[in-house]
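The amino acid sequence is not available; the structure is as follows:
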């Protein structure tokens, strides 16, 4: 019997604009790695933050213009692994984890592995249509947390051995959160193009003013709040389910007695 050959038809060409933003993301990640090698840790952290901006823009532009594609998804994931996996891991190791020797670079490698697993799981689950929540901490948020922590130290503390322990613990916690089943709000359904309450507009304007005044501190508090929002919501939902079970149990016992 002759084997049937299945031909996979691929569309020629790619969407230019969203892939340009993805390339900007990749460029910033590469710039961060080069800056780490040159021991310019401030510029490396800033490059990671800029990469996160490009990462947000490429997704927004692709969805608004209807330019989403499988190629764009895969290209974005590869860029994210460099910018938000390898770059922050090298930055954390060179800036704080080097004194720990093997434990230091293993912690940095664990961050890269968990980031890669997080991206792979996201690509597999993206076809399910779930847009409101992410499963696990997004890798850009984890990388941004490391970059902002380093910038905060350089802004307020500058030096100190405490930073080594903080980064070591942080990188393990972030690695765990990325591969966990904890849900995080995705903000994909938050469409600023539609009509919103006037109070929300005032809040956004005031937030922008505060960010301009103290960008590092405000952004650090924001990403820290987002990082802990997943575990806090998980604990709250667990307590709610537990309370509901306690309320349902007496009703079931009373029904059993009457029966």
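Now that the structure is in, tell me what you want to look at. Source: prediction; values computed, not measured.

got a list of what residue 212 touches?
Counting by CB atoms under 8 Å, 6 or more residues apart in numbering, residue 212 touches no other residue. For the C-beta atoms, the positions are set from N, CA and C on the backbone; glycine is no exception.

before we move on, what SS does it have?
helix (DSSP: H, G, I helix; E, B strand; the rest coil).

Which parts of the stretch 101-250 of the chain are helices?
102-125, 139-152, 162-179, 198-213, 215-258 (DSSP state H, counting those that start in this stretch).

worst average pLDDT in those?
Ranked by mean pLDDT, the helices of the stretch 101-250 of the chain bottom out at helix 198-213, with a mean of 76.

quick one: it to helix 215-258, angle?
Counting by axes from the mean of the first three to the mean of the last three CA atoms, to 10 degrees, helix 198-213 points 140 degrees away from the direction of helix 215-258.

change the start of the numbering to 14 and stick with it
Okay, using 14 as the starting number, the last item reads as helix 211-226.

Go through helix 211-226 and flag the buried ones.
For helix 211-226, the neighbour count (16 or more other CB atoms under 10 Å) marks no residue as buried.

Stretch 180-193 too?
Neighbour-count burial for stretch 180-193 [16+ other CB under 10 Å]: 180-181, 183-184, 186-188, 190-193.

cool, stretch 102-111 as well?
Buried residues in stretch 102-111, counted by 16+ other CB under 10 Å: 102-110.

Stretch 232-245 too?
Across stretch 232-245, burial judged by 16+ other CB under 10 Å covers 232-233, 236, 239-240, 243.

same question, stretch 109-125
Within stretch 109-125, the residues that qualify as buried are 109-110, 113, 117, 120-121, 123-125, counting by 16+ other CB under 10 Å.

Residues contacting that stretch, please?
Contacts with stretch 109-125, where a contact means CB under 8 Å, 6+ apart, come from 94, 98-99, 101-103, 105-106, 155, 163, 176-177, 179-181, 184-185, 187-188.

go again using 7 Å as the cut-off
Here stretch 109-125 makes contact (CB atoms under 7 Å, 6 or more residues apart in numbering) with 98-99, 102-103, 105-106, 176-177, 180-181, 184-185, 187-188.
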